[in-house]
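Trainee: missing the sequence, but the structure's below:
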């Protein structure tokens, strides 16, 4: 975080969140938020909606236990996959391993383990907020009135509609 923005005190929330989440994920599952965030590109359109990486199991090295310096050994990636799509995923294991190793930039994975289970996907399409009427619409128009850029004004108006239009 030595860039200009962090020197001025501006830090993206994703940097803060990743800084908190990555150590926990690395300790518990051997993966990081970068892998999770890039999973759609790694898995491809065929598997991005029905799979999720769960953990990477790194093998224990005999040299590590003996105290000698040893090289890196690739791990096993466990992928959760829904239903019958697991069969198709198993046929594409080689390609998935190549994509993951390309993502990491070194041979991090040499095997994929597939477990069949439901993959909870976050809702990608939320319902549009209901349009504001009456006093709330006039209030929002007054708030965004001084904004010069049309795109920024429209974005703020969408945000304001979503916030002010929430059902209590």
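Mentor: Cool, got the structure. Treat the numbers as computed from the prediction; the structure is a model and nothing was measured.
Trainee: rest of the way, CA atoms for contacts and neighbours
Mentor: Noted.
Trainee: Low-confidence stretches in this protein?
Mentor: The chain contains residues with pLDDT under 70 at 1-9, 11-33, 61-72, 121-127, 167-168.
Trainee: Could you rerun that using 50?
Mentor: For the chain, the stretches flagged by pLDDT under 50 are 1, 25-26, 28-29, 64-67, 69.
Trainee: What segments of it are strands?
Mentor: Counting by DSSP state E, the chain has strands at residues 51-57, 75-81, 109-116.
Trainee: Check which helices and strands the last one is in contact with.
Mentor: Applying 3 or more CA pairs under 8 Å, 6 or more residues apart in numbering; DSSP states H and E, one finds that strand 109-116 contacts strand 75-81, helix 85-91, helix 93-104.
Trainee: nearest to residue 133, of these?
Mentor: Between residue 133 and those, the tightest spacing by CA to CA is seen for strand 75-81, at 44.8 Å.
Trainee: quick one, the closest one and strand 51-57 angle?
Mentor: Between strand 75-81 and strand 51-57, the angle comes out at 150 degrees (axes from the mean of the first three to the mean of the last three CA atoms, to 10 degrees).
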